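# next come a sequence and a model predicted from it.
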Amino acid sequence: MPDMMGSEGMTINDEGIRPVRLGIAGGTFDPIHIGHLIIAEVARQECNLDKVLFIPTGIPPHKRDYAVTPAVYRYEMVRMAIMDNPYFEISDIEVKREGFTYTVDTLRQLRSIYPENVEFFFIIGSDTLPEIKGWREASLVVKYCHFVVYSRPGYDVVEREARLLRESIGASIYTVQGPLLDISSTDIRDRIKQGKSIRYLVPPVVEEYIYKNHLYMQF
């Protein structure tokens, strides 16, 4: 397929030969870790995605119980983490948006940016699946995108939840299987505060950036 170039730096095939399949990996990424990268890569391959667009959140409404690291740091960590993968891109549309970040607003904006032949595949972990019905304008979200659900440790209700979402709001859901790595950004932040190693949990460039900028450390 010929190269594609869109408003967000991603290349787009505008010849209309077949739909372009764009994966969307959204998240706080505080910090991004190898689990995020593995999920995106498995989803890309299993769902035949042309690219995966990483979108760090600006101000996430569901994480008001702790101070989220400023977006400039989180964006830079994602940028560095994905720069060696030609199928990964990054977008700053959420970090530039004022106020809380909602998925429906992001998808609406992406729909206005990309041509009609681009299909969106929103990549999530299976633990997020039950939350979709409570998202803002969930019935509209499912019209903008398909969902790619990656199974995670401890969550065995994927098919039941997927069926409920298909029947209740017409969601289009694909499931993929891959390595079940129980890694979380919360655990990484806690390890740093405790002076423990995070080697192999995040890409080396991200680890170096965290320590260089004294992120997540207690003083």
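Yep, that arrived.
# quick one: residues in contact with stretch 123-133.
With contact meaning Cβ atoms under 8 Å, 6 or more residues apart in numbering, stretch 123-133 is reached by 23-25, 39-40, 43, 52, 138, 141-142, 147-152, 154-155, 157-158, 161-162, 164-165, 168-169, 171, 173, 175. (Each C-beta comes from the backbone N, C-alpha and C, glycine too.)
# only the buried subset of the residues you listed, as a ChimeraX command please.
To isolate the buried ones among the contacts of stretch 123-133 in ChimeraX, judged by 16 or more other Cβ atoms under 10 Å, type:
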select :23,24,25,39,40,43,52,138,141,142,147,148,149,150,151,152,155,158,161,162,164,165,171,173
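# among the contacts of stretch 123-133, which ones are in strands?
The members of these that map onto strands under DSSP state E are 23-25, 52, 147-150, 173, 175.
# residue nearest the centroid of the chain?
residue 25 (2.1 Å; Cα atoms, centre = their mean).
# hey, what's it bridged with?
residue 54 (DSSP bridges).
# run through the residues that contact it.
Residue 25 is in contact with 36, 39-40, 43, 52-55, 123, counting by Cβ under 8 Å, 6+ apart.
# ditto for residue 35
Contacts of residue 35 by Cβ under 8 Å, 6+ apart are 181, 183-184.
# ok, which stretches of this protein are helices?
Counting by DSSP state H, the chain has helices at residues 34-46, 71-82, 103-113, 138-144, 158-169, 185-193, 204-212.
# which of these has the lowest average pLDDT?
Mean pLDDT is lowest for helix 158-169 among the helices of the chain, at a mean of 91.
# can I get it as PDB, trimmed to CA atoms?
This file holds the C-alpha atoms of helix 158-169, laid out as PDB (Å, rounded to 0.1, in the frame of the first residue of the first chain):
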ATOM      1  CA  VAL A 158     -14.500 -10.300  28.000                       C
ATOM      2  CA  GLU A 159     -17.100 -12.300  25.900                       C
ATOM      3  CA  ARG A 160     -20.000 -11.500  28.300                       C
ATOM      4  CA  GLU A 161     -19.200  -7.800  28.400                       C
ATOM      5  CA  ALA A 162     -18.600  -7.700  24.700                       C
ATOM      6  CA  ARG A 163     -22.000  -9.300  24.000                       C
ATOM      7  CA  LEU A 164     -23.800  -6.800  26.300                       C
ATOM      8  CA  LEU A 165     -22.200  -3.900  24.600                       C
ATOM      9  CA  ARG A 166     -23.000  -5.200  21.100                       C
ATOM     10  CA  GLU A 167     -26.600  -5.800  22.100                       C
ATOM     11  CA  SER A 168     -27.100  -2.600  24.100                       C
ATOM     12  CA  ILE A 169     -25.400   0.100  22.100                       C
END
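# give me the distance between residue 143 and residue 169.
Separation of residue 143 from residue 169 (Cβ to Cβ, to the nearest Å): 9 Å.
# for the residue lying closest to residue 24 once chain neighbours are set aside, grab the count of nearby residues.
Of all residues not flanking residue 24 in the chain, residue 122 sits nearest, at 4.9 Å (Cβ to Cβ, 6 or more residues apart in numbering). A count of neighbours around residue 122, defined by other Cβ atoms under 10 Å, yields 26.
# next, the contact list for residue 122, please.
Shown in contact with residue 122 (Cβ under 8 Å, 6+ apart): 23-24, 26, 103, 107, 145-148.
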